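Q: Sequence and computational prediction follow.
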Amino acid sequence: MDIKRKAVEMAIVPSKRRKNEIVALTDQHRQLMESGPPRTSSMLAPIMLLTGHEGEVYSGKFHPDGQSMATAGFDRLIYMWNVYGECDNYSVLKGHQGAIMDLQYNTDGSNILTASTDNTIALWDSETGARIKRLKGHTAFVNSCYPARRGPQMVVSGGDDGTIRVSMFLTKCDIIIIKSLF
């Protein structure tokens, strides 16, 4: 016969409660409340499903004021979304002939920059949805773009042609072209 050993007496360690676990409070109304840190967001839920794109989404960015966001991808469309409430789609921007690989807001959020597989970069008005300018220069897919944070309206872009281009939107010309051998 096997004889079991006696358990060694140890200190009892309380188990950890998960954050936001529902616990019963012992107040006079006997309500159930969430424990843990209070929610600071006014969104309906911590995760919202945005539906509308007909293909893969390659880029999504929040507007600098945090009230809206833009998404873009394979379907060549830019969807504008309200962040709060039901996360409604309030606008769809069209204009690229190829998939949109990257999307960026400028510093104040008045414009959106997009990089596309149609070898172009586009500047959009984020309020009206109109395309303001289209920059050509890359000879292959444009994978990324990013606006200057201050100073004149400039954008840096990188493409499959192995170049990094710094361009000005007012003159539609490249200021700097850096070629890479890869």
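A: Thanks, I have the structure now.
Q: What strands line up against the strand or helix carrying residue 70, and which way round?
A: For residue 70, the element it lies in under DSSP states H and E is strand 68-73. Counting by DSSP bridges, the strands paired with strand 68-73 are strand 57-62 (antiparallel), strand 77-82 (antiparallel).
Q: which one of those strands is the most hemmed in?
A: strand 77-82 (a mean of 20; mean count of other Cβ atoms under 10 Å). For every residue, glycine as well, the C-beta is placed using N, CA and C.
Q: doesn't residue 70 make contact with residue 79?
A: Yes. Contact status for residue 79 versus residue 70: in contact at 6.9 Å, counting by Cβ atoms under 8 Å.
Q: follow-up on the earlier one: centre of the chain to the strand holding residue 70, how far?
A: 7 Å (Cα atoms, centre = their mean, to the nearest Å).
Q: Contact partners for residue 139?
A: Residue 139 makes contacts with 119, 159, 161, as judged by Cβ atoms under 8 Å, 6 or more residues apart in numbering.
Q: Can you show me the strands along this structure?
A: Secondary structure of the chain (DSSP state E): strands at 22-24, 32-34, 57-62, 68-73, 77-82, 89-94, 100-105, 111-116, 120-125, 131-136, 142-147, 154-159, 163-168, 173-179.
Q: what's the closest of the strands paired with strand 68-73 to residue 51?
A: strand 77-82 (9.7 Å; Cβ to Cβ).
Q: residues near residue 130, how many?
A: Per other Cβ atoms under 10 Å, the neighbour tally for residue 130 reads 11.
Q: Can you list the low-confidence ranges for this protein?
A: Across the chain, the ranges flagged by pLDDT under 70 are 1-39, 182.
Q: about what we covered before: can you put the strands of the chain in TSV and add distance to residue 43?
A: Output for those, formatted as TSV (distance: least, Cβ to Cβ, whole Å):
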stretch	distance to residue 43
strand 22-24	20
strand 32-34	16
strand 57-62	12
strand 68-73	12
strand 77-82	11
strand 89-94	16
strand 100-105	20
strand 111-116	22
strand 120-125	25
strand 131-136	30
strand 142-147	27
strand 154-159	31
strand 163-168	37
strand 173-179	41
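Q: closest to residue 48 out of those?
A: Closest to residue 48 of those, according to Cβ to Cβ: strand 77-82, at 8.9 Å.
Q: Just the CA atoms of the closest one, as PDB, please.
A: Below are the C-alpha coordinates for strand 77-82, written out as PDB (Å, rounded to 0.1, in the frame of the first residue of the first chain):
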ATOM      1  CA  LEU A  77     -10.900  53.200 -51.600                       C
ATOM      2  CA  ILE A  78     -10.400  55.300 -48.600                       C
ATOM      3  CA  TYR A  79     -13.100  54.900 -45.900                       C
ATOM      4  CA  MET A  80     -13.700  57.600 -43.400                       C
ATOM      5  CA  TRP A  81     -15.200  56.500 -40.000                       C
ATOM      6  CA  ASN A  82     -16.600  58.100 -36.900                       C
END
